[in-house]
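Q: Sequence and predicted model, in that order:
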Amino acid sequence: MGNGDTNGERPVIAVVTIGQAPRTDITPEFSAALGGAADVVEAGALDELSPSEIAVIAPGEGEDLLVSRLRDGTEVKLAEHHVVELVRERIAEITQPGYSGSGAREPDLVVLLCTGSFPDLRPARPEVPILFPDRLLRKTVEAVAPNGRIACIAPSLKQRSLTERKWSGVAGELIFGAVSPYTADREECRSVALEVAAAEPDLIILDCLGFGLAMKELVRSVSRAPVLLPRTLTARIAAELVERRPPAG
């Protein structure tokens with residue numbers, strides 16, 4: 001997989017946000033969950049866009065939206081169909097042979113920092129796998145709570161229809177809650193956590209990479225159900241994928 005280990009260097013994981021890099025709210029917890037298995041480099045779909053260009057790709061009436069964060073911490077809402085093309089371009093760029101953006105080495109693995117449903121995205125080097133949190137979450141839920149009562153907390157109330165479509169065929173019953181991981185205070189987060197916990201779900205999904213360990217602990221404190229946090233779940237699988245055999249002694 002990827003570069004090999006001819007120089008004794010650790011593997012490289014490129015994390016791609018649909019917002020702007022660096023994602024200082026995500027990468028420290030993501031890297032910690034990797035357990036030292038790899039170096040992490042960052043790239044963002046909106047890195048090269050100006051504020052006016054970002055405003056153009058905001059969702060229109062009836063369009064599916066995704067929520068992310070800009071470099072300065074500002075929340076941004078984006079039309080899903082625009083995001084797909086921008087992410088496609090960014091992944092093609094960072095997986096080019098000889099890529100060394102920001103001094104980074106060629107990645108061994110690309111991780112998409114979004115739980116949205118993306119089509120297949122092809123890297124420039126076909127041997128580089130791409131890890132999609134959305135697909136990982138879906139298969140995990142199918143394995144541990146098939147046709148169960150699933151609670152899903154999304155970043156925006158406007159994502160209800162998108163969320164219902166996304167979990168159709170997986171959840172026997174879907175309980176929907178929404179709170180922004182970027183703008184909500186602790187009391188707002190706690191209110192939504194209590195709302196979904198009251199429905200006594202079998203499993204709770206924090207359906208956005210923006211949610212962190214603090215939100216997971218808050219939800220766990222008010223619910224008996226297990227809680228899936230995409231950023232740490234994805235990091236642990238990523239570590240498995242890039243793990244290398246130690247050199248023979």
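A: Cool, the structure landed.

Q: Helices along this structure, start to end?
A: Assigned by DSSP state H, the chain shows helices spanning 27-34, 51-56, 80-94, 133-144, 160-166, 186-197, 213-222, 230-242.

Q: just the ones you listed: most buried one?
A: Of all the helices of the chain, helix 230-242 has the most neighbours on average by mean count of other C-beta atoms under 10 Å, namely a mean of 20. Backbone N, C-alpha and C define where each C-beta goes, glycine included.

Q: My guess is residue 47 contacts residue 18. True?
A: No: assessed by C-beta atoms under 8 Å, residue 47 is found out of contact with residue 18, at 10.9 Å.

Q: Start and end of stretch 125-145, how far apart?
A: Stretch 125-145 stretches 36 Å from its first residue to its last (C-alpha to C-alpha, to the nearest Å).

Q: what does stretch 201-213 give?
A: Using C-alpha to C-alpha, the end-to-end distance of stretch 201-213 comes to 20 Å.

Q: Looking at the helices of the chain, which is nearest to residue 68?
A: Comparing these by their distance to residue 68 (C-beta to C-beta), the top pick is helix 80-94, with 8.2 Å.

Q: What separation do you get for the closest residue to residue 132 other than its chain neighbours and residue 200?
A: Excluding the flanking residues, the one nearest residue 132 by C-beta to C-beta, 6 or more residues apart in numbering is residue 112, at 5.5 Å. Look at residue 112 and residue 200: by C-beta to C-beta, to the nearest Å, they are 32 Å apart.

Q: Neighbour count: those two, which is higher?
A: Neighbour count, other C-beta atoms under 10 Å: between residue 112 and residue 200, residue 112 has more, with 25 against 12.

Q: ok, now which ones touch the more buried one?
A: Residues near residue 112 by C-beta atoms under 8 Å, 6 or more residues apart in numbering: 16, 18, 87, 118, 121, 130-133.

Q: same thing with residue 27?
A: Residue 27 sits next to 15, 40, 42 when contact means C-beta under 8 Å, 6+ apart.

Q: What does the pLDDT read for the first one?
A: Per-residue pLDDT puts residue 15 at 97.

Q: Ok, the last one next?
A: Taken from the predicted model, the pLDDT recorded for residue 42 is 95.

Q: bridging residues for it?
A: Taking DSSP bridges, one finds residue 15 as the beta-bridge partners of residue 42.

Q: Check the gap between it and residue 50 for me.
A: From residue 42 across to residue 50, the span is 20 Å (C-beta to C-beta).

Q: neighbour-wise, which of those two wins?
A: Neighbours per residue (other C-beta under 10 Å) separate residue 42 from residue 50, with residue 42 holding more: 23 against 9.

Q: For the more buried one, give its distance to residue 108.
A: For residue 42 relative to residue 108 (C-beta to C-beta), the value is 15 Å.

Q: try residue 34
A: Taking C-beta to C-beta as the measure, residue 34 falls 12 Å from residue 108.
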